[in-house]
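> below: sequence and its predicted model.
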Amino acid sequence: MNKIDEFIKKLSNFKVNENVHNQYENKIRQNNLKLYLEEIKKINPRYLLVGEAAGYQGCRLSGIPFTSELIILNGIDKLNIFGEDKGYKKTDEQEIIQKEKSATMVWETLSEINKIPLLWNAFPFHPFKENNENSNRLPRKEELLQGEIFLKSLINLFDIKTVIAVGNIAKFTLNNLGYKSLKVRHPAYGGKAEFKEQLTKILK
């Protein structure tokens, strides 16, 4: 078993808290993540973009941070990543193919600056509000500590040199975990232009 397979196995077997969904218990999402990490490994990025946690319209369904089902199925031609032809699949949990604003904005920006960093979340699972799986909530302190194990593994696995926090919460989290990081504005809530400008300066 290679290191990517070991990493995914640990994710899929991880016992999450109440009001948290482990999306990697699903075989299709395990495979989506494997395909993604293998694609990224070939690119050999030195930058890691870290978000907060998996969102219910994005990573919760696709298995890939900052990435929706629509993106993994359609692919991004300019960057030659994702697509059904490469083996990415949708689960049957929801009939309609989901898209997510943040995911769309992140990948539009990466396409425009023609760079592919590694994407991950401080807490890799989906925390949701009580009795509502179609919602997002902030990960708790103990959950972020649980996520640190996977964050460290990924940084070592990919020889990451620069960690970039997407938004204030990701920056605060990384500081608490002892990681030095740069910060860019989160693209949501009118932040797309600033996100693009800040990320372009760092990646170029």
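Nice, thanks for sending it over. A quick note: this is a predicted structure, and the numbers were derived from the prediction, not measured.

> helices along the protein, start to end?
Using DSSP state H, the helices found in the chain span residues 3-13, 27-43, 59-62, 69-74, 101-113, 141-158, 168-176, 192-203.

> would you check that residue 136 makes contact with residue 123?
No. Using Cβ atoms under 8 Å, residue 136 is not in contact with residue 123; the gap is 11.1 Å. (C-beta placed from N, C-alpha, C; glycine too.)

> nearest to residue 88, of the helices of the chain?
In terms of Cβ to Cβ, the element of the helices of the chain nearest to residue 88 is helix 69-74, at 4.2 Å.

> list the contacts of the closest one.
Helix 69-74 is contacted from outside by 32, 61-62, 64, 82-84, 88-90, 97-99, 103-104, 107, using Cβ atoms under 8 Å, 6 or more residues apart in numbering.

> tell me the buried residues in the helix or strand of the chain with the lowest mean pLDDT?
Here the helix or strand of the chain ranked lowest by mean pLDDT, DSSP states H and E is helix 168-176, holding a mean of 88. Neighbour-count burial for helix 168-176 flags 169-171, 173-174 (criterion: 16 or more other Cβ atoms under 10 Å).

> take the residues you listed and write them to JSON lines, including distance to residue 119.
Output for the buried residues of helix 168-176, formatted as JSON lines (distance: Cβ to Cβ, whole Å):
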{"residue": "169", "distance to residue 119": "16"}
{"residue": "170", "distance to residue 119": "12"}
{"residue": "171", "distance to residue 119": "16"}
{"residue": "173", "distance to residue 119": "15"}
{"residue": "174", "distance to residue 119": "14"}
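
> tally of neighbours for residue 25?
By other Cβ atoms under 10 Å, the residues close to residue 25 number 14.

> so it sits right up against residue 15, yeah?
No. Using Cβ under 8 Å, residue 25 makes no contact with residue 15, being 10.3 Å away.

> from residue 204, how far off is the spatially most central residue of the chain?
In the chain, the centroid-proximal residue (Cα atoms, centre = their mean) is residue 65; its distance is 1.7 Å. Separation of residue 65 from residue 204 (Cβ to Cβ, to the nearest Å): 22 Å.

> and if you look at residue 139?
Applying Cβ to Cβ, the value for residue 139 to residue 204 is 31 Å.

> how much space between the residue of the chain positioned farthest from its centre and residue 146?
Largest separation from the mean C-alpha position in the chain: residue 131, at 24.1 Å (Cα atoms, centre = their mean). Distance of residue 131 to residue 146, computed by Cβ to Cβ: 22 Å.
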